[in-house]
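1. everything below, folded, please.
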Amino acid sequence: MSYPPPPSLALLALEFRAPWEFGSLVPAWPALQRAPTGDGHTVIVFPGLSASDASTVPLRRYLRSLGHDVTGWSQGFNFGPRAGVLGTIRRTIQEACEASGRKVSLVGWSLGGVYAREMAKEMPGSVRSVVTLGTPFAGHPKSTHAWRIYELTSGRSADEEHSGNRDLPAAPPVPTTSIYSRSDGIVAWQGSIQRADHAQTENIEVIASHIGIGINPSAWWAVADRLAQPEGGWKPFDRFGLLGIKGLIYPDPHRA
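-> Numbering: from 1, shown residues only. Take a look at the predicted model:
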């Protein structure tokens with residue numbers, strides 16, 4: 001099977017817009033506070049490649065302001081699935097479930113989304129939902145501009161990871177949302193499209209950079225909306241919303 005090439009150099013250059021995406025949170029804040037509120041269940045947020053919990057602080061604070069019990073992954077910088085990383089994630093999920101008596105939701109940015117998806121496949125009885133941001137689970141690692149960094153930091157071969165025994169494109173057996181951007185300058189957006197493995201899977205397109213998707217107002221609203229759904233009451237994301245205004249913000253992911 002052939003895979004798309006990494007994003008063009010023009011899109012890669014557009015990654016420099018990330019600071020403006022963060023700055024846009026200020027004027028968007030009143031609207032963001034009107035997002036659906038949570039029910040207090042635990043949400044674990046995983047950072048992207050070579051990032052730490054510091055990168056997800058703004059998103060976690062926002063979700064906490066909406067009533068979610070939010071925590072980071074607490075493993076320092078994400079340098080890939082090194083020895084002990086996945087085992088620690090499993091324990092974190094299990095301990096969170098035991099402490100609250102409820103399932104947890106998993107949110108992952110880029111590589112962090114791969115962890116979230118795979119843990120939900122292993123522990124569906126402990127995971128309520130999965131939301132990923134710019135996560136390249138459906139393509140080849142070399143369809144991104146980050147594969148060399150991955151090999152350097154993880155000590156693993158990108159080709160070997162792709163040919164491993166995990167079916168990364170398969171969706172977890174829980175409500176699963178992939179938030180992606182066609183203007184992503186790091187990851188080929190086609191690698192973030194979730195196939196319809198079951199009725200509770202979906203793709204939400206936003207206009208964002210890869211570096212900025214985790215601090216992008218439209219991505220934040222989508223994350224909050226998905227996490228606020230009652231357990232057992234999943235419905236697809238409404239990209240139109242009030243008076244169709246959201247339809248101007250969220251492009252149609254099914255367009256050619």
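
2. dihedrals phi and psi, residue 135?
-> With angles defined as degrees, to the nearest 10, residue 135 sits at phi -90, psi 120.

3. correct me, but it touches residue 176?
-> No: applying CB atoms under 8 Å, one finds residue 135 not in contact with residue 176, separated by 10.6 Å. To be clear about C-beta, it is placed using only N, CA and C from the backbone, and glycine gets the same treatment.

4. so what sits against both of these two?
-> Both residue 135 and residue 176 are contacted by residue 117, under the criterion CB atoms under 8 Å, 6 or more residues apart in numbering.

5. what's the per-residue pLDDT of residue 13 here?
-> As predicted, residue 13 sits at a pLDDT of 96.

6. what sits against residue 250?
-> Taking CB under 8 Å, 6+ apart, one finds 204, 205, 206, 218, 222, 237, 239 in contact with residue 250.

7. rerun that using 10 Å as the cut-off
-> 179, 204-207, 218, 221-222, 237-241 (CB atoms under 10 Å, 6 or more residues apart in numbering).

8. quick check, it in a strand?
-> No: with DSSP: H, G, I helix; E, B strand; the rest coil as the criterion, residue 250 is coil rather than part of a strand.

9. residue 183: how many residues sit nearby?
-> Taking other CB atoms under 10 Å as the criterion, the count of residues near residue 183 is 17.

10. what's the distance between it and residue 40?
-> Note on residue 183: its distance to residue 40, by CB to CB, to the nearest Å, is 35 Å.

11. do residue 229 as well
-> Taking CB to CB, one finds residue 229 at 14 Å from residue 40.

12. these two: who's more crowded?
-> Legend: neighbour count by other CB under 10 Å for residue 229 and residue 40, higher for residue 229 (20 against 11).

13. hmm, the more buried one is touching residue 129, no?
-> Yes: here residue 229 reaches residue 129: they are 7.2 Å apart, a contact under CB atoms under 10 Å.

14. pLDDT below threshold where in the protein?
-> Applying pLDDT under 70 to the chain picks out residues 1-2, 159-165, 242-244.

15. now do the helices in it.
-> 9-13, 18-23, 25-32, 57-65, 85-100, 111-122, 147-154, 158-162, 217-227 (DSSP state H).
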